[in-house]
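# Sequence plus the predicted model coming up.
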Amino acid sequence: MNIKEEIRRMCREKNAVIMAHYYTDGEIQDIADFVGDSLALAQKAATTDADIIVMCGVHFMGETSKILCPDKKVLVPDLEATCSLAESCPADKFAEFVAEHPGHTVISYVNTTAATKAVTDIVVTSSNARQIVESLPQDTPIIFGPDRNLGGYINSITGRNMLLWDGACHVHEKFSVEKILELKKQYPDAKVLVHPECKGTVVKLADKVGSTAALLKYSINDPAQVFIVATESGILHEMQKSCPEKTFIPAPPSDSTCSCNECSYMKLVTMQKLYDCLLNEAPEIHVDAEVAEKAIRPINRMLEISEKLGL
Ligand code: 13P
Ligand code: SF4
């Protein structure tokens, strides 16, 4: 049996669409119908006419698709593929934090559980966080969760003073300033690309700060030939595919004994699990109806503002 051909055959037979995030393994990205960042995956899910969405990414991405498409079957190859950032913001604790600060507009990064989104006013991704924050009047009191690094970065570029939830991603927190500077000595002409989930000290070294899609676009359009990439290393697959003549160097984590620039959750998605999940139409994502009813409002607000701003 050719597993890839079987996957494609089942997709045709079942009218299923495979969506993949840039952090999944290259072979998963290659077999997907659509590859994108968190914003693009949500936008695509909202408009697909497939009967089944197979979300090759982490759990919150599947949940977002299910909330947007309650009548579709949303499958994920591995339910254990969660997200350290989403888990750093339990919904009950976040709701307490919100209740302690009345009068604030609550903005949550898309890397949250459906239950956390349910106590949120507007969802953002790293592709639209700046613009959405700037769309609110300057004096609006804002709570931003869960990523303290992204929130701190948005505060610094917008001059806001948003109240930050103290959460972070275990992958992006690990990049090392010293190791990036060492690489810069070796490759003085290299451009440094940084995801805003990285610490502020790493962001300061960046030639470009942005979402996975924004970093990819920059690497394609910029004339530099060498790029040091401070985000999960799966993105290098699409960068290298788009620009085979350029050199992309994954920024090393501070602990060189581990592959900490890999998201262990994203890497749980394998070809075999993708095959099994299409065959068995499981595991399936379910979202509690009451939670989904509350969570869809901030997601739709994000999609509406993004559309209005042409993002
Ligand atoms: P993007 O929205 O940039 O794709 O990032 C998602 C993510 O999980 C970053 O760690
Ligand atoms: Fe979550 Fe970090 Fe993995 Fe992104 S890289 S999915 S934020 S754990």
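The structure has been received and is ready for your questions. Residues are numbered from 1 along each chain as shown. Ligands and ions are numbered 1, 2, ... in the order given.
# Could you confirm whether any residue of stretch 285-305 contacts ligand 1?
No - using C-beta under 6 Å from any ligand atom, stretch 285-305 stays clear of ligand 1, coming no nearer than 11.8 Å. C-beta here means a position set from N, CA and C on the backbone, and glycine is covered the same way.
# Could I get the buried residue list for that stretch?
Within stretch 285-305, the residues that qualify as buried are 285, 287, 291-292, 294-299, 301-303, 305, counting by 16 or more other C-beta atoms under 10 Å.
# Run the chain-centre distance for it.
17 Å (C-alpha atoms, centre = their mean, to the nearest Å).
# Report the rounded mean pLDDT for that stretch.
Across stretch 285-305, pLDDT averages out at 97.
# Check stretch 152-170 too.
Averaging pLDDT along stretch 152-170 yields 97.
# again with stretch 115-135
pLDDT averaged over stretch 115-135 gives 97.
# Could you tell me the end-to-end distance of it?
25 Å (C-alpha to C-alpha, to the nearest Å).
# just how off-centre is it within its chain?
Mean-position distance between stretch 115-135 and its chain equals 13 Å (C-alpha atoms, centre = their mean).
# Strands of this structure, residue ranges please.
Along the chain, the stretches classed as strands by DSSP state E are 16-21, 34-36, 52-56, 73-75, 105-109, 122-124, 142-145, 163-164, 191-194, 208-209, 226-230, 247-250.
# Using a markdown table, lay out the ones you listed together with distance to ligand 1 and mean neighbour count.
Listed next are those as a markdown table, based on distance: least, C-beta to the nearest ligand atom, whole Å; neighbours: other C-beta atoms under 10 Å:
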| stretch | distance to ligand 1 | mean neighbour count |
| --- | --- | --- |
| strand 16-21 | 6 | 24 |
| strand 34-36 | 7 | 21 |
| strand 52-56 | 13 | 27 |
| strand 73-75 | 18 | 22 |
| strand 105-109 | 9 | 25 |
| strand 122-124 | 10 | 27 |
| strand 142-145 | 15 | 24 |
| strand 163-164 | 17 | 18 |
| strand 191-194 | 11 | 24 |
| strand 208-209 | 11 | 20 |
| strand 226-230 | 11 | 24 |
| strand 247-250 | 14 | 17 |
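# For this structure, which residues are neighbours of ligand 1?
Applying C-beta under 6 Å from any ligand atom, we find that the chain lies next to ligand 1 at Asp37, Ser38, Asn111, Thr125, Ser126, Cys169, Glu197, Ser211, Thr212.
# Could you rerun that using 8 Å?
Selection of the chain residues close to ligand 1 by C-beta under 8 Å from any ligand atom yields 21-23, 36-39, 41, 58, 83, 85, 110-111, 125-127, 169, 171-172, 195, 197, 210-215, 231-232, 263, 266.
# Near ligand 2, which residues of the stretch 201-311 of the chain are found?
Contact residues, the stretch 201-311 of the chain versus ligand 2 (C-beta under 8 Å from any ligand atom): Thr231, Glu232, Cys263, Ser264, Tyr265, Met266.
# Now for the second one, how many residues are close by?
Applying other C-beta atoms under 10 Å, we find 24 residues neighbouring Glu232.
# pLDDT score for it?
Per-residue pLDDT puts Glu232 at 96.
# in terms of contact, does it touch His21 like I think?
No - at 9.1 Å, Glu232 does not count as touching His21 under the criterion of C-beta atoms under 8 Å.
# and for the two, which residues touch both?
Thr212, Met266 (C-beta atoms under 8 Å, 6 or more residues apart in numbering).
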